[in-house]
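Novice: here's my sequence, what's the structure:
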Amino acid sequence: MNAMIHQVSESDARAMVRLLGEVAVLRANHTKTKRFLMEGLCDLISADSWAWTLGVRIQPGDPQTYAGFLHGGFDEQRFTNLITAIEHPAMAEVVAPFFQKLENGKPITMIREEIDPRGLAYADGVRECWEIADIGPLILSSHPLDTQSLSSLGVYRRHGAESFGPREKQIAHIVLTEVPWLHAAGWPEDRGVKAPSLFPKQRIALNLLLEGLDRKTIAAGMGISENTVAGYAKDVYRHFGVNSQPQLMRKFLTGNSTA
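Specialist: Coordinates of the predicted model:
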């Protein structure tokens, strides 16, 4: 941390200390604490929105699969568009440099230009997904939980906004690594290890079901029929050994309520 903090101002450092002190007071409730932390971080670095997710991969080298648990700054449609963009098949290659740096088991934080120096996310097909989600600049920070699972946080600005710079990146990294207990709790018991074996559309449905959305809303967001959503939901419930949306939400989200 000492090597990094010289890149931020004294006022930045004082603001971070205040934020982390306030976060510590809220420690008994992980959902409230994580929301408070991310809203404070977004204020510090002028971010528009954020998502705190569980990242899972089956084997080293496999692409990450995400299950979103908490987010802010998104309405239902925009969050659906975010998940759709993340699940685009080309994104595995886009984020490969990021996950290669995670192999040492230490938390890392990178801005979009560092993650995707070749601009692969701006190729035809992928670019449209991010534009529809109204997401441009981003900061991605990941914290290994074990050999398969990650606590991953995305912080975003809208499409066409000014890029994040070194100051914003360093502030995000310091804030998100100085409260390690936030990454250690609040996850499902199996840390989502079964999620990667779902198909991409099923994983999108999983995330929207975990949002508590009904079939009609999910169908509108994904641009599919309610019957198709019902089929995806049935597949997801069977996959995780539950019989309903409330059971699915309890299986994944109960740990996010309290320490």
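Novice: and the residue nearest to Val56 when sequence neighbours are not counted, how many neighbours?
Specialist: What sits nearest to Val56 in space, not counting adjacent residues and going by C-beta to C-beta, 6 or more residues apart in numbering, is Gly192, at 4.5 Å. (C-beta placed from N, C-alpha, C; glycine too.) For Gly192, the neighbour count with other C-beta atoms under 10 Å is 24.
Novice: ok, Gly192 - contacts?
Specialist: Contacts for Gly192 (C-beta atoms under 8 Å, 6 or more residues apart in numbering) come out as 54, 56, 65, 67, 149, 252.
Novice: so of the residues you listed, which ones are in helices?
Specialist: Using DSSP state H, Phe252 are the members of the contacts of Gly192 that sit in helices.
Novice: how far does stretch 222-231 sit from the chain's center?
Specialist: In terms of C-alpha atoms, centre = their mean, to the nearest Å, the centre of stretch 222-231 is found 24 Å from the chain centre.
Novice: assumed the residue nearest to Val56 was part of a helix.
Specialist: No. Read with DSSP: H, G, I helix; E, B strand; the rest coil, Gly192 is coil and lies in no helix.
Novice: which residues of the stretch 51-200 of the chain score low on pLDDT?
Specialist: When residues are selected by pLDDT under 70, those of the stretch 51-200 of the chain lie in 58-63.
Novice: what are the boundaries of the strands in it?
Specialist: With DSSP state E, counting those that start in this stretch as the criterion, the stretch 51-200 of the chain has strands at 65-72, 108-111, 138-144, 149-156.
Novice: rewinding a little: now tabulate the contacts of Gly192 in JSON lines and tack on neighbour count.
Specialist: What follows is the contacts of Gly192, written out as JSON lines (neighbours: other C-beta atoms under 10 Å):
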{"residue": "Leu54", "neighbour count": "22"}
{"residue": "Val56", "neighbour count": "24"}
{"residue": "Thr65", "neighbour count": "23"}
{"residue": "Ala67", "neighbour count": "22"}
{"residue": "Ser149", "neighbour count": "21"}
{"residue": "Phe252", "neighbour count": "24"}
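Novice: export the contacts of Gly192 as CSV, with columns for distance to Asp75.
Specialist: Shown next, in CSV, are the contacts of Gly192 (distance: C-beta to C-beta, whole Å):
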residue, distance to Asp75
Leu54, 22
Val56, 26
Thr65, 24
Ala67, 20
Ser149, 28
Phe252, 21
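Novice: picking up where we left off before, ok, which of the strands of the stretch 51-200 of the chain comes nearest Pro196?
Specialist: Counting by C-beta to C-beta, Pro196 lies closest to strand 65-72 out of the strands of the stretch 51-200 of the chain; the figure is 4.0 Å.
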